[in-house]
Structure formats: structure tokens, C-alpha cells
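Colleague: Build me a model from this:
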Amino acid sequence: MGRILNLKDVEAAVKGGSVFACGGGGWAAHGRELGTLAVTIGRPELVSMDEVPDDAWIATAAAIGAPGGLTEWEMLGADYVKAVQLVQDALGAPIHGLIIGQNGMSSTLNGWLPSALLGTKVVDAVGDIRAHPTGDMGSLGLASSPQPMIQAAAGGNRAQNAYIELVVRGATAKVSPVLRKASDMSGGFIASCRNPVRASYVREHAALGGISRALALGEAIIAAESKGPRAVIDAICKATQGTIIGSGKVVRNTLKYTDEAFDVGVVEIGTGPQRCLIHVMNEHMAVDDAHGVRIASYPDVITTLDTEGRPISAGQLVEGLEILVLHVHKAHLPLSSSVRDPAVYPPVEKALGIGLSGYALAV
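Modeller: As a prediction, this is how the structure comes out:
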């Protein structure tokens with residue numbers, strides 16, 4: 001049976017999601033706000049794909065933008081609910097449940113408030129176990145599909161008259177950039193509901209169990225906190241089968257907000273033979289060692305932790321901060337069809353100026 005999500009689950013989702021956020025994935029405070037609202041205003045229910053009928057409509061709840069602290073964004077819980085309502089109206093049918101495009105500091109909880117208010121299920125599946133920069137990377141392999149899809153978004157900075165609602169229809173690769181542009185125009189962060197598909201498609205193409213995995217990781221972190229920072233870091237590594245591949249002080253961070261609503265740049269950690277370079281596009285996408293050799297690459301989990309074991313967003317990696325770099329190899333992760341879709345990589349590779357697809361698409 002489904003699991004009714006509660007306040008303890010909110011904290012676990014934020015803490016576990018923050019590791020899978022890979023330096024992006026929203027804001028912890030925003031996640032706590034969304035989750036607390038959801039579990040106090042209603043009874044959001046987490047269900048496995050086994051509990052969902054094949055012909056049920058499942059859509060993706062996602063936040064779009066680059067919330068690295070470089071823009072004046074405003075996102076309210078009501079915006080996530082409104083986006084779902086817009087898709088239901090356009091579809092002419094009820095949405096049975098919501099998956100998320102990715103785990104993250106807040107994105108793990110994107111489906112909870114609509115579940116509490118509209119009765120949609122929080123489906124235990126994700127478009128990508130870890131956070132990523134583009135909507136296509138969590139689109140369940142639909143990025144190269146010619147099939148017209150429905151996408152909706154709502155949100156924006158009200159004080160600056162930047163609140164926007166929109167519904168678009170078309171091939172995913174063509175309409176996803178429209179929502180990203182709307183995010184930029186709204187202040188840099190907007191709530192979306194997109195790509196309603198039948199549950200049978202989700203079962204075949206999503207990373208199943210992605211939310212419960214984030215919850216379990218969060219529970220392990222919470223259990224270790226009373227034993228100190230080392231215990232927290234060890235618990236993260238044990239729960240994810242991850243390793244610490246680098247450590248040192250932040251030497252430089254070149255992150256800049258672009259017109260396409262991305263935070264792009266590099267973060268240099270440490271000096272001499274211990275030096276490593278993290279390539280960032282909203283999230284940590286690759287790590288090179290001191291010799292320029294790639295030691296971690298998307299879809300691996302790549303997360304920066306402070307010395308207390310707390311995940312630190314890319315935008316908060318200020319010079320002089322002592323950090324650790326966590327790496328979880330893709331072999332230890334459930335991977336969705338999005339990750340295996342060659343169409344999602346060219347825009348990201350172009351923005352970063354590095355290759356990703358060679359490793360990501362290799363078996």
C-alpha cells in the first residue's frame with residue numbers, strides 16, 4: 001500500500017535529495033517549505049509504480065531555472081498546484097500521479113503539495129535519480145520524440161509583475177526551451193508540470209524507486225548526525241556506495257547566470273597534485289583531476305560537501321571554503337531512458353565545452 005508522507009519524511013527528503021542535487025536541484029529551505037505545507041494541509045501519498053494502473057496519466061512535476069542565488073526569483077507552493085491544474089485542463093483528463101524530473105534540495109518534494117490538494121499520487125519514480133540542467137535530461141527519453149506533448153508552467157516575481165502562466169504543446173525538444181525562457185522572464189525559477197504519459201510508459205522508462213532512495217539516504221544522514229561530521233560523511237558514502245574523490249579549499253568559482261537561465265562555470269578545488277576542476281551547468285556535471293584526466297562524469301552523482309557533511313550548492317562554493325567531493329559511479333544508480341538518449345547531450349556539451357555523451361552512453 002501507499003505511504004502517507006509526514007514531517008519526518010520532509011526532512012529526510014530534503015537531506016537525501018540534497019546529496020542527489022549534485023550542487024543544484026533547488027533550495028533546501030524551499031523544499032522544507034513545500035513539504036511542510038503539503039503534510040500539514042493534506043495527506044500526500046507516495047506509491048510505487050506497482051500500485052498504478054497501466055492506463056493512468058502520469059505527469060512530471062519540475063522546477064525550471066537556475067536557483068544558484070544569482071537572480072530575484074519567487075516561487076510559491078500554489079504555483080506547483082496551478083501548473084498541474086493547467087495540464088489537467090489541457091489534457092481533458094485527471095492526472096493520476098506525478099513523478100519528478102530529478103531529485104534535489106527541493107525537487108524531491110515537487111509532487112507533494114499537488115498530492116495534498118488535488119489528490120494526485122506521489123509516484124516513486126524519477127526522470128533522473130540525480131539533478132541535471134535541462135528538462136530534456138529528465139524527460140523519459142521523449143527529447144527526441146516527434147510526439148506532441150503538453151507542458152505548463154506557473155510562477156514568477158509578483159512584485160516585479162513577472163508572474164507568468166503558460167501552456168504549450170509540441171515536440172518536447174521544441175517546447176522545453178519555451179518553458180526555460182519563461183523561467184528566465186519570471187525571475188529565474190518557475191514551477192512546471194509537463195509531458196503527461198500513460199503509466200505503462202513511465203514503468204518502462206523512469207528510474208523506479210528514486211524518491212524512496214532519497215528518503216532512505218536522508219534517514220541514514222539523520223541517524224548519523226548525533227555522532228558527528230565524520231559519521232555523516234561515512235553514512236552518505238555507505239548508503240550511496242560512493243567515495244570521496246577530492247578535497248581542499250575552493251580556489252576559484254567562475255559561475256555565471258546566462259540568458260538561457262543556466263548557471264555555467266568551473267569550480268577549482270585544491271592545489272598541486274590534489275587539485276581538481278568541477279564543470280558546472282546548474283549542477284556538477286564532470287570532474288577532472290590535476291592532470292586534466294576525467295575522474296567523474298554525468299550521470300554519476302557528483303556532490304560537494306562541507307566538512308560537516310552538508311551538501312553545498314554550486315553557487316555557494318566561495319573561495320576559501322573547505323569541501324569534499326563525493327562521487328557515486330553510475331553503476332550504483334537506477335538510470336532512466338533520458339540518460340541513454342543521445343539527443344539530450346549536445347546543448348549541455350556546447351555550454352560546458354566538454355564531452356559527456358561518450359561516458360554517459362557507454363554500457
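
Colleague: ranges for the strands of the stretch 101-250 of the chain?
Modeller: Taking DSSP state E, counting those that start in this stretch as the criterion, the stretch 101-250 of the chain carries its strands at 121-126, 148-155, 164-171, 189-198, 207-208, 243-253.

Colleague: would CSV of those with distance to Ser226 and mean pLDDT be doable?
Modeller: Yep, even glycine has a C-beta here, placed from its N, CA and C like the rest. Formatted as CSV, the strands of the stretch 101-250 of the chain follow (distance: least, Cβ to Cβ, whole Å; pLDDT from 0 to 100):
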stretch, distance to Ser226, mean pLDDT
strand 121-126, 28, 98
strand 148-155, 38, 97
strand 164-171, 45, 97
strand 189-198, 34, 95
strand 207-208, 31, 98
strand 243-253, 22, 98
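
Colleague: Val318: which of those strands is closest?
Modeller: Relative to Val318, the nearest member of the strands of the stretch 101-250 of the chain by Cβ to Cβ is strand 243-253, separated by 6.3 Å.

Colleague: Counting by contacts, list what the closest one packs against.
Modeller: helix 229-240, strand 263-269, strand 276-281, strand 294-297, strand 322-328 (3 or more Cβ pairs under 8 Å, 6 or more residues apart in numbering; DSSP states H and E).

Colleague: Can you tell me the strand partners of it and which way each runs?
Modeller: strand 263-269 (antiparallel), strand 322-328 (antiparallel) (DSSP bridges).

Colleague: and Gly24, which of these is closest to it?
Modeller: Closest approach to Gly24 among those (Cβ to Cβ): strand 263-269, 7.7 Å.

Colleague: what's the angle between the closest one and strand 276-281?
Modeller: If you take axes from the mean of the first three to the mean of the last three Cα atoms, to 10 degrees, strand 263-269 sits at 170 degrees to strand 276-281.

Colleague: What are the contacting residues of strand 263-269?
Modeller: 24, 66, 68, 70, 246-258, 275-282, 284, 304, 314-315, 317, 323, 325, 351-352 (Cβ atoms under 8 Å, 6 or more residues apart in numbering).

Colleague: Quick one, which of those residues are buried?
Modeller: Among the contacts of strand 263-269, those classed as buried by neighbour count (16 or more other Cβ atoms under 10 Å) are 24, 66, 68, 246, 248, 250, 253, 255, 257, 275-282, 284, 304, 314-315, 317, 323, 325, 351-352.

Colleague: so where's the stretch 201-350 of the chain uncertain?
Modeller: Applying pLDDT under 70 to the stretch 201-350 of the chain flags no residue at all.

Colleague: again, 80 this time
Modeller: Scanning the stretch 201-350 of the chain for pLDDT under 80 picks out the ranges 259-261.

Colleague: re earlier: Throw the strands paired with strand 243-253 into a markdown table and include distance to Arg310, thanks.
Modeller: What follows is the strands paired with strand 243-253, written out as a markdown table (distance: least, Cβ to Cβ, whole Å):
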| stretch | distance to Arg310 |
| --- | --- |
| strand 263-269 | 16 |
| strand 322-328 | 10 |
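
Colleague: out of these, nearest to Ile233?
Modeller: Ranking those by proximity to Ile233 (Cβ to Cβ) places strand 322-328 first, at 6.8 Å.

Colleague: could you point out which element follows the closest one?
Modeller: Heading C-terminal from strand 322-328, the first helix or strand you meet, by DSSP states H and E, is helix 345-352.

Colleague: could you dump that next one to CSV, C-alpha only?
Modeller: The C-alpha trace of helix 345-352 is given here as CSV (Å, rounded to 0.1, in the frame of the first residue of the first chain):
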residue,chain,number,x,y,z
TYR,A,345,23.7,15.9,-24.6
PRO,A,346,24.7,18.3,-27.4
PRO,A,347,23.3,21.5,-25.8
VAL,A,348,24.9,20.7,-22.5
GLU,A,349,28.3,19.7,-24.1
LYS,A,350,28.2,23.0,-26.0
ALA,A,351,27.5,25.1,-22.9
LEU,A,352,30.3,23.4,-20.9
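
Colleague: Following the chain onward from it, which element is next?
Modeller: helix 357-360.

Colleague: Determine how far that next one lies from the middle of the whole chain.
Modeller: Here helix 357-360 is found 20 Å from its chain centre; the criterion is Cα atoms, centre = their mean, to the nearest Å.

Colleague: Same check on stretch 176-194?
Modeller: Stretch 176-194 has its C-alpha centroid displaced from the chain centroid by 15 Å (Cα atoms, centre = their mean).

Colleague: In that stretch, which residues are buried?
Modeller: Neighbour-count burial for stretch 176-194, counted by 16+ other Cβ under 10 Å, picks out 176, 179-184, 186-194.

Colleague: CA atoms only for that stretch, dumped as PDB, please.
Modeller: What follows is stretch 176-194, C-alpha atoms only, in PDB (Å, rounded to 0.1, in the frame of the first residue of the first chain):
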ATOM      1  CA  SER A 176      11.100  22.700 -23.300                       C
ATOM      2  CA  PRO A 177      13.200  25.800 -24.200                       C
ATOM      3  CA  VAL A 178      10.000  27.800 -24.200                       C
ATOM      4  CA  LEU A 179       9.400  27.000 -20.500                       C
ATOM      5  CA  ARG A 180      13.100  27.800 -19.800                       C
ATOM      6  CA  LYS A 181      12.700  31.200 -21.400                       C
ATOM      7  CA  ALA A 182       9.500  31.700 -19.300                       C
ATOM      8  CA  SER A 183      11.600  30.900 -16.200                       C
ATOM      9  CA  ASP A 184      14.200  33.500 -17.100                       C
ATOM     10  CA  MET A 185      11.400  36.100 -17.800                       C
ATOM     11  CA  SER A 186       9.700  35.300 -14.500                       C
ATOM     12  CA  GLY A 187      12.800  35.900 -12.400                       C
ATOM     13  CA  GLY A 188      14.900  32.700 -12.900                       C
ATOM     14  CA  PHE A 189      12.800  29.900 -11.300                       C
ATOM     15  CA  ILE A 190       9.300  28.600 -12.300                       C
ATOM     16  CA  ALA A 191       7.100  25.600 -11.400                       C
ATOM     17  CA  SER A 192       6.100  23.300 -14.200                       C
ATOM     18  CA  CYS A 193       4.000  20.200 -14.900                       C
ATOM     19  CA  ARG A 194       4.800  18.500 -18.200                       C
END
